[in-house]
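Student: What follows is a predicted structure for the sequence shown.
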Amino acid sequence: QVQLVESGGGLVQAGGSLRLSCAASGRTFSKYAMGWFRQAPGKEREFVARLTWGGGTTNYADSVKGRFTISRHIVKNMMYLQMDSLKPEDTAIYYCAAYTLTGWNTGRPDYWGQGTQVTVSS
């Protein structure tokens, strides 16, 4: 298993930036692909971004392309989400996720963090 803990959420004005971090512990971090999801009030959890084990392949939701950047630091067991040009509609709880190969192929992560709140004011 792998344990995931998010940090870096907060309140920011529209147009501003935040960087979320995800600290991983437990089984070898490099064995997992990683990703971010979010859930806004009254809505279902949705995919934001993900990257492969070596970070060579990234995928983004259309709504965040060009504004968000996902990255990871294997040695530090960390993953990041740099969020720029934030909009009020980005307000949500953001979750860190880890995928096994099966999870990657199905689009369903195998492990989840507890989430961190991001609020963007207009």
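Tutor: Noted; the coordinates are in hand.
Student: Please count neighbours and contacts with C-alpha atoms only from this point.
Tutor: Fine.
Student: The nearest residue to residue 58 once chain neighbours are set aside: how many residues sit nearby?
Tutor: Leaving aside its sequence neighbours, residue 58 sits nearest to residue 51 (CA to CA, 6 or more residues apart in numbering; 4.3 Å). Residues lying near residue 51 (other CA atoms under 10 Å) number 23.
Student: And for residue 25?
Tutor: 14.
Student: Check whether it really touches residue 32, as I assumed.
Tutor: No - with contacts counted by CA atoms under 8 Å, residue 25 stays clear of residue 32, the gap being 11.5 Å.
Student: per-residue confidence for residue 107?
Tutor: Residue 107 is assigned 88 on the pLDDT scale.
Student: ok, it to residue 46 distance?
Tutor: Going from residue 107 to residue 46 by CA to CA, to the nearest Å gives 11 Å.
Student: Please apply the same query to residue 88.
Tutor: 16 Å.
Student: same deal with residue 104?
Tutor: The value you get for residue 104 to residue 46, if CA to CA is used, is 15 Å.
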